[in-house]
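Peer 1: kindly generate the corresponding structure for this input.
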Amino acid sequence: MGSFSIWHWLIVLVIVMLVFGTKKLRNVGQDLGGAVKGFKDGMKEASADGKPADAAQQPPQQVGGQTIDVDVKEKTKS
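Peer 2: As a prediction, this is how the structure comes out:
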């Protein structure tokens, strides 16, 4: 009962092709490929834009319904 053999997978493939048809499977493949390509292009654009702006330029955050507006300063040695 272990893993499926190649014959099991071929029978499953034939049944899937009979149920959905080759045209519909080809369209699904094209849609999936287009989605992956769009995702990769988006990731390239995001990395090309660089790092986000400084924390001082970001809008204030809300915690528990209250707005917290803080200036970020580096700690200096005294």
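Peer 1: sketch out the low-pLDDT regions of the protein for me.
Peer 2: For the chain, applying pLDDT under 70 flags the ranges 1-2, 50-65, 68, 78.
Peer 1: that one: helices as residue ranges?
Peer 2: Remark: helices assigned in the chain by DSSP state H are 6-20, 22-48.
Peer 1: flag every buried residue along the shortest one.
Peer 2: By neighbour count with 16 or more other C-beta atoms under 10 Å, helix 6-20 contains no buried residues. Placement of C-beta: from N, CA and C, glycine included.
Peer 1: could you measure from Val12 over to Lys75?
Peer 2: Separation of Val12 from Lys75 (C-beta to C-beta, to the nearest Å): 62 Å.
Peer 1: please read the previous query as pertaining to Gly29.
Peer 2: Gly29 is 55 Å from Lys75, by C-beta to C-beta.
Peer 1: those two - which one has more neighbours?
Peer 2: Taking other C-beta atoms under 10 Å, Gly29 and Lys75 do not tie; Gly29 has more neighbours (10 against 5).
Peer 1: do you know how far the more buried one is from Thr22?
Peer 2: Using C-beta to C-beta, we find Gly29 at a distance of 10 Å from Thr22.
Peer 1: ok, now Ile11?
Peer 2: Per C-beta to C-beta, Ile11 is found 17 Å from Thr22.
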